[in-house]
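Asker: Dropping a prediction and its sequence here:
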Amino acid sequence: MLTPSNSSDIQALLLDIEGTTTPIDFVFRTLFPYASEHVEDFLRQHFAEPGIRELIEELRHTWSGAASAGAPVWMESRLDEKLASAAAYIRWLIYRDSKITPLKTLQGKIWEQGYRDAALKGEVYPDVASAFTRWGAQGRRIAIFSSGSILAQKLLFAHSTKGDLSPHIEAYFDTTTGAKREAGSYTKIASALTLRPQQVLFVSDVIAELDAAHNAGMHTALSLRTGLAAPQVTTHPVTYSFDEIFAQAGPD
């Protein structure tokens, strides 16, 4: 059971998504392929919207730096060429699991349509819903920090395989707050939650993220779900299931 000695001081849990609340395979085998398959049609249908045009221009700027790394050619002589080029570049970025913000924002918008059409359901581990209920009963707050856009995060939990889990979640944070491997991001999140970092437990499957959160003063726990390789050395407490985290049903 993972219960820090000063657990009564921990007022909130900050959770990663991939490998923590949600199987990594769901992202790579379901969400990414869906975005790749539908991106060009989405751009053609929504290009007239100012927000989409702005995202395409932001991506065009990132392409300038990626061309030397093998990114596909970007052409703009005609609108159809521009949209086809943008779609090809976006697929290239998705394949490389790029973390750039305009890509994540666009993916969230594509997935939104998929969730609304019931073509997508947000997969979560079986212990997530009961843990959310238990932590809420203990008076602990829940927030999410993921490289995926806030929109994508909200959609996943609102349309999850365990129903609408969004009422349990107080706040969402993405890369607009800062990089997940920088301590300053966690300081900002604690401030946004009006808490001290020492009052937050961050759970993730990525040690570099946990190191950053720890350096900011947060408690940490390494999520080691089934199928994930155990690290040879880690200074972070390990949890194999949310059932182990603050396992008591009532308040401390």
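Answerer: Received the coordinates, thanks.

Asker: So which residues of the stretch 101-250 of the chain form helices?
Answerer: 101-116, 128-137, 150-158, 183-192, 207-216 (DSSP state H, counting those that start in this stretch).

Asker: Relative to residue 177, which of the ones you listed is closest?
Answerer: Residue 177 lies closest to helix 183-192 among the helices of the stretch 101-250 of the chain, at 5.5 Å (C-beta to C-beta). From N, CA and C alone the C-beta is placed, and that goes for glycine too.

Asker: elements contacting the closest one?
Answerer: Helices and strands touching helix 183-192, by 3 or more C-beta pairs under 8 Å, 6 or more residues apart in numbering; DSSP states H and E, are strand 141-145, strand 171-173, strand 200-204, helix 207-216.

Asker: Kindly recompute the last result at 6 Å.
Answerer: For helix 183-192, the elements it packs on are helix 207-216, judged by 3 or more C-beta pairs under 6 Å, 6 or more residues apart in numbering; DSSP states H and E.

Asker: check contacts around residue 238.
Answerer: Contacts here follow C-beta atoms under 6 Å, 6 or more residues apart in numbering; on that basis residue 238 touches 222, 224.

Asker: For beta bridges, what are the partners of it?
Answerer: On the basis of DSSP bridges, residue 238 takes part in beta bridges with residue 222.

Asker: do you know which of the helices of the stretch 101-250 of the chain lies nearest residue 25?
Answerer: Ranking the helices of the stretch 101-250 of the chain by proximity to residue 25 (C-beta to C-beta) places helix 150-158 first, at 14.1 Å.

Asker: count of neighbours near residue 233?
Answerer: As a burial measure, the neighbour count of residue 233 was computed by other C-beta atoms under 10 Å and equals 5.

Asker: Turn the helices of the stretch 101-250 of the chain into JSON lines, including mean pLDDT, distance to residue 74 and mean neighbour count.
Answerer: JSON lines is the format used below for the helices of the stretch 101-250 of the chain (pLDDT from 0 to 100; distance: least, C-beta to C-beta, whole Å; neighbours: other C-beta atoms under 10 Å):
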{"stretch": "helix 101-116", "mean pLDDT": "94", "distance to residue 74": "14", "mean neighbour count": "20"}
{"stretch": "helix 128-137", "mean pLDDT": "97", "distance to residue 74": "40", "mean neighbour count": "18"}
{"stretch": "helix 150-158", "mean pLDDT": "96", "distance to residue 74": "25", "mean neighbour count": "22"}
{"stretch": "helix 183-192", "mean pLDDT": "98", "distance to residue 74": "31", "mean neighbour count": "18"}
{"stretch": "helix 207-216", "mean pLDDT": "97", "distance to residue 74": "32", "mean neighbour count": "20"}
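
Asker: Those helices: which one's closest to residue 226?
Answerer: For those, the distance to residue 226 is smallest for helix 128-137, at 14.1 Å, taking C-beta to C-beta.

Asker: Just the CA coordinates for that closest one, please, in CSV.
Answerer: Below are the C-alpha coordinates for helix 128-137, written out as CSV (Å, rounded to 0.1, in the frame of the first residue of the first chain):
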residue,chain,number,x,y,z
VAL,A,128,-9.3,4.2,-12.0
ALA,A,129,-13.0,4.8,-11.4
SER,A,130,-13.1,3.3,-7.9
ALA,A,131,-9.9,5.2,-6.9
PHE,A,132,-11.4,8.5,-8.1
THR,A,133,-14.5,7.8,-5.9
ARG,A,134,-12.3,6.8,-2.9
TRP,A,135,-10.0,9.8,-3.1
GLY,A,136,-13.0,12.1,-3.4
ALA,A,137,-14.5,10.6,-0.3
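
Asker: now stretch 242-250, how far from the centre of its chain.
Answerer: In terms of C-alpha atoms, centre = their mean, to the nearest Å, the gap separating the centre of stretch 242-250 from the centre of its chain is 23 Å.

Asker: Mind checking the pLDDT average for it?
Answerer: With pLDDT averaged residue by residue, stretch 242-250 scores 82.

Asker: Would you mark the buried spots in that stretch?
Answerer: Along stretch 242-250, the positions that meet the burial threshold by neighbour count (16 or more other C-beta atoms under 10 Å) are 242, 244-246.
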